[in-house]
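A.B. asks: Sequence below, structure please.
(3 chains)
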Amino acid sequence: MAKTRQYWLMKSEPSAFSIQDLRKARGRTTCWDGVRNYQARNYMRAMKRGDRVLLYHSSADPPLLVGVAEVVREAYPDHTAFDPKHKHHDPKSRRDSPTWFMVDIRFSAEFKKPLALDSLRGVPGLRGMELLRKGSRLSVQSVRRDEWAVIMELAGRH
DNA sequence: GCCAACGTTGGC
DNA sequence: GCCAACGTTGGC
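C.D. replies: Numbering: from 1, shown residues only, chains lettered A, B, ... in the order given. Purely as a prediction, here's the structure:
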C-alpha cells in the first residue's frame, strides 16, 4: 500500500513552548503533551512517522506560522494525564485505558520570514483552511497537501 | 481586556 | 437527549 505523507498544524503559545524551545530541546525533539480535545487527539492518533507539521504560535502578537517539524514517534499515552499533581491531570484517563495521547515531533526548520495569520487571509489557495476559519480553536489541525504547498511557497521554501 | 466561538458538564 | 451554565481558547 502506497504511503502518503500527511500534513498537520500544531499550535502552541510561544510563552509556554516555542519553536526556539523545540530547536534547543534534546535531539531537537519533544513530546506534544497536554492535548485535551478529542478531535485534536484523533488527529494525533492518525499521525505517522515522517508526517510534516506546521508550527503555529498562538496568542502571539501577531500570531505566526513559524516553521516546520516532523513526526518522529507515533501516538502513545500522554502520561501527564495520570499524574494528579500535573496541570493537565485527567482522572478519566487511566493507565490501563488511556484517554489522551501524544506524539513526538522533531524540529525541521524555522521560517526566515514567519507568516502572520493576517497575511494568509485572502490568499486564494488557502481559502477554507481550518486555521483561517472564524472561531477556529483546534490546537491540532489537518492541512491539505495543496495548502501546505502554498504555505511553503509563501515562506520561501520551494 | 473584551468577547465570539466553541467543548464540556450536569441537572432534568 | 436537551440545553443552560460554565470554562477555555485565542484573535483583536
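
A.B. asks: The residue of chain A found nearest DNA strand B in helix, strand or coil?
C.D. replies: Chain A approaches DNA strand B most closely through residue A:135 (2.3 Å), counting by C-beta to the nearest atom of the strand. Placement of C-beta: from N, CA and C, glycine included. Following DSSP: H, G, I helix; E, B strand; the rest coil, the label given to residue A:135 is coil.

A.B. asks: buried residues in the lengthiest strand in chain A?
C.D. replies: As assigned by DSSP state E, the longest strand anywhere in chain A is strand A:101-116. Using 16 or more other C-beta atoms under 10 Å as the test for burial, strand A:101-116 gives A:101-107, A:110-111, A:114-115.

A.B. asks: Let me know the closest of these to residue A:25.
C.D. replies: Using C-beta to C-beta, residue A:107 comes nearest to residue A:25 of the buried residues of strand A:101-116, at 7.5 Å.

A.B. asks: how about the residues of chain A near DNA strand C?
C.D. replies: A:11, A:13, A:58-60, A:62-63, A:117-118, A:136-139 (C-beta under 7 Å from any atom of the strand).

A.B. asks: By pLDDT, give me the weakest of those.
C.D. replies: Least confident entry in the residues of chain A next to DNA strand C, by pLDDT: residue A:136, with 88.
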